[in-house]
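> Could you look at this predicted model? Sequence included:
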Amino acid sequence: MNVVSPAVGLDVSLIPPNLLDVFGLLIYNEFPSCQLSSPLVHHILKKAINPEAMLYKVSQQFRMQDFEEFILFARNLHVELSSEAENLIQGYYLASRRLRRDSLHGSTLSASALKILISLSKAHTKLSLRNKVLEEDALIAILLLESSLILKHGKSALCIAPNPVFPFDLSDENSLQQRDSYLMQCHQQLLKFIAAYGPGIHINPNEE
C-alpha cells in the first residue's frame with residue numbers, strides 16, 4: 001500500500017483524482033515541510049554530537065536489532081479476520097459508499113478502500129502479535145482511512161477531525177485512558193453510522 005504525507009496548506013483538490021488513488025492512504029503532517037518539530041531537532045542534534053549515547057531509557061532495554069526482529073516476526077504472522085471485524089469493515093465501507101456519492105461520478109469512495117481497510121486491520125493485528133483481527137484493529141484502520149478521506153474531500157461522514165487516532169501524549173496512564181475513552185466513543189459513533197447508512201448490515205449500536 002502506498003502512503004503519501006502532504007504538507008500543511010497543500011490543496012489536495014488540485015491533485016488529479018487518478019493520481020491520488022495511486023496512494024492508498026494520505027497521512028496528515030502537522031509540520032510544514034520546511035520545518036521540523038522541536039523534539040525532532042533536539043534528537044537529531046544530540047545524536048550528531050554523541051552518536052553512541054543512550055538518549056532514552058527505553059534504549060537501555062531495547063536495541064535497534066530488537067525492533068528489527070520484532071517487525072520481522074510480526075510481518076510473518078498469519079492473521080485471519082474475525083466475523084466482528086469483518087462486519088465492522090463491511091458496514092463502514094457500504095455506508096460510506098452510499099453516503100459519499102454525487103450524481104455525476106457516483107461514489108467518491110474507491111473500490112480499493114476495502115482492500116486498504118483489510119490491509120491496515122491486519123497490520124495492526126500483527127503489531128499486537130495476534131492471529132485474529134479484532135474489532136479494535138478494524139476501528140483503527142477505519143479511523144486512519146477516514147483521516148485520509150478528510151484530506152481528499154475536506155469533510156468526514158463521521159465528523160472526525162484530522163489526525164484523530166492518537167491525539168494524546170502517550171506518556172502516562174492517564175493519557176492512555178483518555179485515548180481508550182476516545183476510541184470507545186469513536187466505536188459507538190461508527191456503529192450508529194453503520195446502522196443509519198449501511199444497507200442490510202445488522203450491527204447493534206448499543207453493544208459494548
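Now that the structure is in, tell me what you want to look at. Residues are numbered from 1 along each chain as shown.
> Can you give me the distance of Leu72 to Ala157?
Going from Leu72 to Ala157 by C-beta to C-beta, to the nearest Å gives 37 Å. From N, CA and C alone the C-beta is placed, and that goes for glycine too.
> Comparing those two, which shows the higher neighbour count?
Comparing Leu72 with Ala157 by other C-beta atoms under 10 Å, the one with more neighbours is Ala157, at 18 against 9.
> Next one: that one relative to Ser175, how far apart?
From Ala157 across to Ser175, the span is 28 Å (C-beta to C-beta).
> what's the answer for Ala74, then?
Using C-beta to C-beta, Ala74 is found at 24 Å from Ser175.
> From start to finish, how long is stretch 119-137 in a straight line?
10 Å (C-alpha to C-alpha, to the nearest Å).
> List the buried residues in that stretch.
Of all the residues in stretch 119-137, those buried under the rule 16 or more other C-beta atoms under 10 Å are 120-126, 133-137.
> can you tell me which of the residues you listed are in strands?
Among these, the members found in strands (DSSP state E) are Val133.
> Need the buried residues of stretch 119-137 in TSV (columns: pLDDT and distance to His42).
Formatted as TSV, the buried residues of stretch 119-137 follow (pLDDT from 0 to 100; distance: C-beta to C-beta, whole Å):
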residue	pLDDT	distance to His42
Leu120	94	31
Ser121	96	35
Lys122	96	35
Ala123	95	30
His124	95	29
Thr125	96	34
Lys126	96	32
Val133	97	37
Leu134	96	37
Glu135	95	38
Glu136	94	33
Asp137	96	33
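> Turn the buried residues of stretch 119-137 into JSON lines, columns for distance to Asn87.
Shown next, in JSON lines, are these (distance: C-beta to C-beta, whole Å):
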{"residue": "Leu120", "distance to Asn87": "17"}
{"residue": "Ser121", "distance to Asn87": "12"}
{"residue": "Lys122", "distance to Asn87": "16"}
{"residue": "Ala123", "distance to Asn87": "20"}
{"residue": "His124", "distance to Asn87": "17"}
{"residue": "Thr125", "distance to Asn87": "16"}
{"residue": "Lys126", "distance to Asn87": "21"}
{"residue": "Val133", "distance to Asn87": "12"}
{"residue": "Leu134", "distance to Asn87": "12"}
{"residue": "Glu135", "distance to Asn87": "9"}
{"residue": "Glu136", "distance to Asn87": "14"}
{"residue": "Asp137", "distance to Asn87": "13"}
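> Sweet, I'm off.
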